[in-house]
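Undergrad: here is a sequence with its predicted model. Questions after.
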Amino acid sequence: MPVISVPEEFNEEELYVDLQPLLGHSLFLKCEGFNFAGSVKLKAAVAMVEAAEAEGVLIPGSILVESSSGNLGVALSMLTASKGYQFVCVTDSRCNLSTRRLMEALGSEVHVITEPDADGDLLGARIEYVRALCASDSRYVWLNQYANSNNWKVHYHTTAPSIARQFPDLDVLFVGTGTTGTLMGCARYFRQWRPRVHTIAVDSVGSVIFGGLPGRRMIPGLGTSVRPPLLNESYVDDVTWVEEPDTIRMCHLLASRGFLFGGSTGTVVRGAVDWLTQHDAGGLTAVAIAPDLGERYLDTVYQTNWLRDIYGEDVLSAYAMADSARSG
Ligand SMILES: Cc1ncc(COP(=O)(O)O)c(C=O)c1O
């Protein structure tokens, strides 16, 4: 019986969903959403905060500040509440309302950027705001998840070895990409310890991480408009891109069987299925990582009017697809 005294002590590391019955492809989905922060970003938050404390950068009286599209912000809100620091999260208008409320409920201040920078970029504007805050008062501490090596190291030391233990015959691992912390930690681990494992990055169409053209992306977590400094492509065996309407359809297909996952999980699963189909890889042992669960997306990914406004009427064929999956 796990008994904890601080929320960061608990994280379910060993839960997988076998998606074969639903998808017709052998694919195991590692669920990273079962902790008090509700996402994979708990790991990065703990690793970056503990490193900053050990280095003496984060001290009593410090105010943590971070740019986050949501999940790292929630994880840092939880952690700073637990440890007694103040936290300011700088996000933008794409952040889900429920995610913002979660951060505020945990005692954080949330600053929402609505105007893009000179290049038309909201992420750039968020970073500018963080830099200005740090310049204004020496109590502010910015962990900078985009460049902080503890963001990938924690996955090298926890996520990847845990998958390796559970799947000694692993052939392919699919990882979604935002800061690329999860991807780089896993890819570096498998290249070093199990070089026969292929690590495949899954990104959204419209993201520039792997050199694609910038475009509109409405689902938070995956994709960036600026190439993340953590990325080293030499560790990544392949990349697959997913259109957001396909992400939405996959989320609804999973939900039709009772698995309510977040938007980026729909992307990762859809990217994995596409890659396995293209590579005729039916006999391979494949794992994909699900970064969070679906309740944060009830007003977006799982909301009919939002879907229609953003993607048009066609995407609602997702419901027909979900229904046919249920009756099938
Ligand atoms: C829902 C979700 N999916 C995927 C990611 C990407 O993870 P990483 O930043 O490790 O690339 C994030 C990161 O915040 C996320 O919140």
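TA: That came in fine, so what should we check first?
Undergrad: leaving out chain neighbours, which residue sits closest to residue 298?
TA: Using C-beta to C-beta, 6 or more residues apart in numbering and skipping residues adjacent in sequence, the residue nearest residue 298 is residue 98, 6.9 Å away. For the C-beta atoms, the positions are set from N, CA and C on the backbone; glycine is no exception.
Undergrad: double-check that that neighbour belongs to a helix.
TA: Yes - counting by DSSP: H, G, I helix; E, B strand; the rest coil, residue 98 is part of a helix.
Undergrad: that one and the ligand, how far apart?
TA: With distances taken as C-beta to the nearest ligand atom, to the nearest Å, residue 98 is found 13 Å from the ligand.
Undergrad: what sits against that residue?
TA: 295-296, 298-299 (C-beta atoms under 8 Å, 6 or more residues apart in numbering).
Undergrad: from these, which would you call buried?
TA: For these, a burial check counting by 16 or more other C-beta atoms under 10 Å picks out residue 296.
Undergrad: of the contacts of residue 98, which are in range of the ligand?
TA: Among these, none lies close to the ligand by the criterion of C-beta under 6 Å from any ligand atom.
Undergrad: can I get the contacts of residue 98 in TSV with pLDDT and secondary structure?
TA: TSV is the format used below for the contacts of residue 98 (pLDDT from 0 to 100; DSSP: H, G, I helix; E, B strand; the rest coil):
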residue	pLDDT	secondary structure
295	95	helix
296	94	helix
298	95	coil
299	93	coil
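Undergrad: near the ligand, which residues of the stretch 1-150 of the chain are found?
TA: Residues of the stretch 1-150 of the chain lying near the ligand (C-beta under 6 Å from any ligand atom): 39, 41, 71-72.
Undergrad: let's see it at 5 Å
TA: residue 71 (C-beta under 5 Å from any ligand atom).
Undergrad: tell me where the stretch 151-300 of the chain has helices.
TA: Ranges of helices in the stretch 151-300 of the chain, per DSSP state H, counting those that start in this stretch, are 160-166, 181-193, 244-255, 263-278.
Undergrad: same list (the ones you listed) but as JSON lines, adding distance to the ligand.
TA: As requested, those are exported to JSON lines (distance: least, C-beta to the nearest ligand atom, whole Å):
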{"stretch": "helix 160-166", "distance to the ligand": "12"}
{"stretch": "helix 181-193", "distance to the ligand": "4"}
{"stretch": "helix 244-255", "distance to the ligand": "11"}
{"stretch": "helix 263-278", "distance to the ligand": "3"}
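Undergrad: need those in TSV with mean pLDDT and mean neighbour count, can you?
TA: Below are the helices of the stretch 151-300 of the chain laid out as TSV (pLDDT from 0 to 100; neighbours: other C-beta atoms under 10 Å):
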stretch	mean pLDDT	mean neighbour count
helix 160-166	98	17
helix 181-193	98	23
helix 244-255	96	23
helix 263-278	97	25
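Undergrad: ok, of the contacts of residue 98, which one's closest to the ligand?
TA: Nearest to the ligand, judged by C-beta to the nearest ligand atom, of the contacts of residue 98 is residue 296 at 8.2 Å.
Undergrad: isn't that closest one right up against residue 99?
TA: Yes - between residue 296 and residue 99 a contact is recorded at 5.3 Å, counting by C-beta atoms under 8 Å.
Undergrad: which residues are common contacts for those two?
TA: residue 70.
Undergrad: pull up the residues of the stretch 201-328 of the chain that are close to the ligand.
TA: Proximity of the stretch 201-328 of the chain to the ligand (C-beta under 5 Å from any ligand atom) is limited to residues 221, 262, 264, 291-292.
Undergrad: select only the buried ones of those in PyMOL?
TA: Buried subset of those, written as a PyMOL selection, criterion 16+ other C-beta under 10 Å:
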select buried, resi 221+262+264+291+292
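Undergrad: which of the residues of the stretch 201-328 of the chain next to the ligand sits closest to residue 29?
TA: Of all these, residue 29 sits closest to residue 291, with 10.8 Å by C-beta to C-beta.
Undergrad: what sits against that closest one?
TA: Per C-beta under 8 Å, 6+ apart, neighbours of residue 291: 32-33, 39-41, 71, 176, 182, 221, 262, 264-265, 268.
Undergrad: 6 Å instead, please
TA: Contact analysis of residue 291 by C-beta atoms under 6 Å, 6 or more residues apart in numbering lists 32, 39-40, 264.
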